[in-house]
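K.L.:
Structure for the following, please:
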Amino acid sequence: MPSSTVSCQVSDGVARVRLERPDKLNALTLDTLDELVATAHRLRRDRSLRAVVLSGAGRSFCAGLDFGSVAEDGQLAVLRRFAPRPWRGTNTFQEACWAWRRLPVPVVAVVHGHCLGGGLQIAMGADFRITAPDAQWSVLEGKWGLVPDMSGVRTLAQQLGLDVAKRLTMTGETVSGTEAVRLGLATQSADDPAAAADELVDQLLTRSPDAVAAAKRLFDTRWSAGPRRTFARERWEQAVLLAAPNTGRIRKAARSSAPARFSPRLLP
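P.N.:
Here you go, the predicted structure:
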């Protein structure tokens, strides 16, 4: 499913979504944001999907918003994308990042080179972030007198301590991939982050897609909820899983000492 600035190739249940502006360090245009949203929404409807890998072509993951391109598009084009959609609670800028959280499959961001501003917020929308040690991470909006407004406040709050999130946002300082892991921005550092992402995806593919989806739903919707709401959701998810065909396939595979062959995800 190619497009001008975002490509998406799906093979064996794994979608590989890549930013395709290598000459501009994959800086984000309004069209790129539209394409990211459309791609995520399209993938969400695919029950055979098992995982998504987000990456950037060329020397960088994403250098943030391309202010020059956005200015050329005009104020009206920006305002249309800045207005929230009431049925989602996000505008286009936010949905380009948060839509990856809505997917019922694990999303892995592969970060190298620049991961700045909006690019960092896209990476934070993934479930896992594997970074090159020398990648450059920055909540760059602070440098321009702005705040992260592409769902970044929410995702940074989920990953970092309050003081660290404030410091990175207020200073706009740049940290290495190694430091990003230490702070909690990134999940793992690897000399070859793409290969490390593939290893993680291969491991996830050996697990029931229903159980993986349930785990993502539970943590994303109940991470800060009270015990009673969390326990109720745990019971509901477990009841569904106990009756799910894929759970039966795991039991059958265990008896025969063979790998389980899973059917598409039970729930959307």
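K.L.:
Tell me where the chain has strands.
P.N.:
6-11, 14-19, 51-56, 107-111, 114-116, 128-131, 136-138, 174-176, 188-189 (DSSP state E).
K.L.:
what would these look like in CSV with mean pLDDT and mean neighbour count?
P.N.:
To be clear about C-beta, it is placed using only N, CA and C from the backbone, and glycine gets the same treatment. Below are those laid out as CSV (pLDDT from 0 to 100; neighbours: other C-beta atoms under 10 Å):
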stretch, mean pLDDT, mean neighbour count
strand 6-11, 97, 16
strand 14-19, 98, 22
strand 51-56, 98, 24
strand 107-111, 98, 28
strand 114-116, 98, 28
strand 128-131, 98, 28
strand 136-138, 98, 24
strand 174-176, 98, 18
strand 188-189, 98, 18
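K.L.:
Can I get these in TSV including distance to F93?
P.N.:
Listed next are the strands of the chain as TSV, based on distance: least, C-beta to C-beta, whole Å:
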stretch	distance to F93
strand 6-11	15
strand 14-19	15
strand 51-56	17
strand 107-111	18
strand 114-116	15
strand 128-131	20
strand 136-138	18
strand 174-176	22
strand 188-189	27
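K.L.:
In this structure S7 contacts R21, no?
P.N.:
No: using C-beta atoms under 8 Å, S7 makes no contact with R21, being 11.0 Å away.
K.L.:
Find residues that contact each of the two.
P.N.:
Counting by C-beta atoms under 8 Å, 6 or more residues apart in numbering, S7 and R21 have no common neighbour.
K.L.:
In the protein, where is pLDDT below threshold?
P.N.:
Applying pLDDT under 70 to the chain flags the ranges 1-3.
K.L.:
Number of residues surrounding G13?
P.N.:
Neighbour count for G13, taken as other C-beta atoms under 10 Å: 17.
K.L.:
how close does it sit to E95?
P.N.:
24 Å (C-beta to C-beta, to the nearest Å).
K.L.:
Once you drop chain neighbours, what's closest to A109?
P.N.:
A126 (3.8 Å; C-beta to C-beta, 6 or more residues apart in numbering).
K.L.:
these two touch, right, the one you found and L54?
P.N.:
Yes: applying C-beta under 8 Å, one finds A126 in contact with L54, separated by 5.8 Å.
K.L.:
joint contacts of the two?
P.N.:
What both A126 and L54 touch, as defined by C-beta under 8 Å, 6+ apart, is the set W100, V107, V108, A109.
K.L.:
Now do the contacts for the second one.
P.N.:
If you count contacts by C-beta under 8 Å, 6+ apart, V107 has them with A51, V52, V53, L54, W100, R101, G125, A126, D127, F128.
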